[in-house]
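Participant: below: sequence and its predicted model.
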Amino acid sequence: MSPVKTKILVMDDEVPIRKFLGISLGASGYEISEASKGSEALLMLADAKPDLIILDLGLPDVEGQDLITAIRSRSQAPIIV
C-alpha cells in the first residue's frame with residue numbers, strides 16, 4: 001500500500017507557472033490539481049480536498065480577496081499567495 005500523498009491545488013492563470021509548479025511539486029511526491037480560473041478552482045475544492053492551496057491573486061474572473069473568502073467558506077487548507 002502506497003503512502004497518502006499531500007494534495008496541492010495550484011490556482012494560476014499562466015500555463016508556464018502551473019506547469020513549472022506541477023512538475024516540480026509532482027516530482028517531490030505531491031499530488032497536484034490545477035485551475036486557471038477562480039470559478040474552476042472553487043468547483044474543484046470539493047473533489048480535490050487539497051491540503052495546501054497555492055493562489056495567484058490576479059486570476060481573470062474573481063478578485064483575489066473574494067476568492068480567499070470563498071475558499072475559506074469551503075476549506076481551512078493553508079493558502080500561499
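Facilitator: Nice, thanks for sending it over. Keep in mind it's a predicted model, so treat the numbers as computed, not measured.

Participant: name the residues that touch the worst-scoring helix or strand of the chain on mean pLDDT?
Facilitator: Ranked by mean pLDDT, DSSP states H and E, the weakest helix or strand in the chain is helix 38-48, scoring a mean of 89. Residues outside helix 38-48 that contact it (CB atoms under 8 Å, 6 or more residues apart in numbering) are 7, 9, 11, 33, 35, 59, 61-62, 66-67, 70-71, 74-75. The C-beta positions use only the backbone N, C-alpha and C, and glycine is treated the same way.

Participant: where does pLDDT dip in the protein?
Facilitator: 1-2 (pLDDT under 70).

Participant: in what helix or strand does the most centrally placed residue in it lie?
Facilitator: In the chain, the centroid-proximal residue (CA atoms, centre = their mean) is residue 9; its distance is 2.3 Å. Residue 9 is part of strand 7-11 when elements are defined by DSSP states H and E.

Participant: now residue 19
Facilitator: Residue-wise, residue 19 maps onto helix 15-27 under DSSP H and E.
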